[in-house]
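# Quick one, fold the following:
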Amino acid sequence: MAKKIPFRMCAGCGEMKSKKEMIRVLKTPEGEIVIDTTGKKNGRGAYICSNLACFQKAVKTKGLERSLKVSIPRELVESLEKELILLESGN
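Coordinates of the predicted model:
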């Protein structure tokens, strides 16, 4: 029997994609917001497509904030954006 592929919805564009091709943004139990590259860290996660446009859309429409159930300060958005750019250029 074929293994079931887990799908997640992008907080930016709303598209369903497999978990592996997405980036997980995580709110840790301590309330920190980080990019979870392993996908295994503990906390509340939201998924976005691995491109900057979806991240910016998720921030603009507050999709990320809704998914994580927290408001995200501007400075944090900027640092997450920088981290995403680095991740994108690494591929």
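# Please make it C-alpha for all contacts and neighbour counts, starting now.
Fine.
# count of neighbours near Val25?
For Val25, the count of nearby residues is 24 (other CA atoms under 10 Å).
# tell me the average confidence for stretch 49-69?
Mean pLDDT, stretch 49-69: 93.
# Make residue 1 into 153 and carry on from there
Understood, numbering begins at 153; the last thing we discussed is stretch 201-221.
# what comes into contact with that stretch?
Residues outside stretch 201-221 that contact it (CA atoms under 8 Å, 6 or more residues apart in numbering): 162-165, 173-175, 178-179, 196-198, 200, 223-224, 229, 233, 236-237, 240.
# mind running it again at 7 Å?
162-165, 173-175, 179, 196-198, 200, 223-224, 236 (CA atoms under 7 Å, 6 or more residues apart in numbering).
# would you list every one of the helices in this structure?
Ranges of helices in the chain, per DSSP state H, are 204-212, 215-220, 226-242.
# Val186: which of these is closest?
helix 226-242 (7.3 Å; CA to CA).
# just to revisit the earlier point, show me the two of the contacts of stretch 201-221 that sit farthest apart.
For the contacts of stretch 201-221, the maximum inter-member distance is 25.5 Å, found between Glu173 and Ser223 (CA to CA).
# Tally up the residues packed near Thr189, please.
By other CA under 10 Å, the residues close to Thr189 number 13.
# So what does it look like in phi/psi?
Note on Thr189: its backbone torsions stand at phi -80, psi -20 [degrees, to the nearest 10].
# quick one: least confident helix or strand in this structure?
The weakest-scoring helix or strand in the chain, judged by mean pLDDT, DSSP states H and E, is helix 226-242 (a mean of 87).
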